[in-house]
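Visitor: Provided below for reference: sequence and predicted model.
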Amino acid sequence: MSDQNDVRETVRAGYAAAALKVTQGGTACCGSESGCGPVETDENFGSGLYGTEEREHLPAEAVAASLGCGNPLAVAELREGERVLDLGSGGGIDVLLSARRVGASGKAYGVDMTEEMLALALVNTKRAGATNVEFLKGSIESVPLPANTIDVVISNCVINLSVDKPAVFAEMFRVLTPGGRIGIADVVAEDRLTPAQRAERGDHVGCIAGALSYAEYRHGLEAAGFTGIELTPTHDVADGMQSAIVRAVKPTSA
């Protein structure tokens, strides 16, 4: 438990530093407490994974704070009136983009454990003029929302940071309405790599060491109750590790 708490605090401190860097006029990147780490982020992580049209409608600070390894909205297929939850919402880029897609009759929630990121997200929401957005302080292992209230769960390169991934999968399943779905971008390791080999390729805060394998990811989602599971690699982020799009559905009978 102590080791888990140490990892959680390291992650929190790293992303707090990234938020402060953006607040001071810089650009965040996925890495260590200095705001940048051993992972090359220019091509594999960040705002470059979004289209120009998506970025140009957002506050510059929301774009600068983007730390993801993909674009979950490209596969989430959000519809007017839906309720969306972004796990590990950071500076708010995916929440603000979701809010535009679901419209005034829908709502976009963001959950993050880092006060500095939440403060940045609130500033970005005000600058964007978004009114169908709500950011909540909490962990992705214990989401502060009632059961069966969310239509779509998205997340962008955050689940790999969790020290209790079964709890994350269980929480996604709990908050989704029957028939609800997930559209997630995350770093996933090839099944041939051991946890030690993953750790050799990058640290935990850098979105590498904590990644699940494809088999582990599928098993975790199945154990939580999800069906229709798809894991589709999109681009390499390290040797034997890819950014992947993860889709799954909560059965209507659940």
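Guide: Happy to help now that I have it.

Visitor: all helices of the chain, in order?
Guide: Ranges of helices within the chain are 2-23, 52-56, 60-64, 73-76, 93-102, 115-128, 165-175, 195-200, 214-224, based on DSSP state H.

Visitor: among those helices, which gets the worst mean confidence?
Guide: Among the helices of the chain, helix 60-64 carries the lowest mean pLDDT, a mean of 52.

Visitor: State the phi and psi torsions of the nearest residue to residue 190 once chain neighbours are set aside.
Guide: Nearest non-adjacent residue to residue 190, counting by C-beta to C-beta, 6 or more residues apart in numbering: residue 240, 4.4 Å away. The C-beta positions use only the backbone N, C-alpha and C, and glycine is treated the same way. Residue 240 adopts backbone torsions of phi 80, psi 10, taken as degrees, to the nearest 10.

Visitor: Near residue 240, how many residues? Count them for me, please.
Guide: 15 (other C-beta atoms under 10 Å).

Visitor: Contacts only, for it.
Guide: Shown in contact with residue 240 (C-beta atoms under 8 Å, 6 or more residues apart in numbering): 189, 190, 192, 193, 197, 201.

Visitor: Just the pLDDT at the closest residue to the fifth one other than its chain neighbours, thanks.
Guide: In space, residue 197 comes closest to residue 240 once its chain neighbours are excluded; the distance is 7.5 Å by C-beta to C-beta, 6+ apart. Model confidence at residue 240, given as pLDDT, is 95.

Visitor: Buried ones from the contacts of residue 240, can you make that a PyMOL selection?
Guide: The PyMOL selection below is limited to those of these classed as buried (16 or more other C-beta atoms under 10 Å):
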select buried, resi 189+193+201
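
Visitor: Tell me which two of the contacts of residue 240 sit farthest apart.
Guide: Pairwise distances across those (C-beta to C-beta) peak at 12.7 Å, for the pair 192 and 201.

Visitor: Go ahead and confirm residue 175 touches residue 152.
Guide: No. Contact criterion C-beta atoms under 8 Å: residue 175 and residue 152 do not qualify, at 10.5 Å.

Visitor: Identify the contacts common to those two.
Guide: Here residue 175 and residue 152 have residue 85 as joint contacts, going by C-beta under 8 Å, 6+ apart.

Visitor: Residue 134 and residue 107 touch, don't they?
Guide: Yes. Using C-beta under 8 Å, residue 134 is in contact with residue 107, at 6.9 Å.

Visitor: if you count what's nearby, which of the two comes out ahead?
Guide: residue 107 (21 against 15).

Visitor: Distance of that one relative to residue 123?
Guide: For residue 107, the distance to residue 123 equals 20 Å [C-beta to C-beta, to the nearest Å].

Visitor: Same question for residue 110.
Guide: Counting by C-beta to C-beta, the separation of residue 110 from residue 123 is 13 Å.

Visitor: Please identify the buried residues of stretch 79-87?
Guide: 82, 83, 84, 85, 86, 87.

Visitor: Many thanks, we can stop here.
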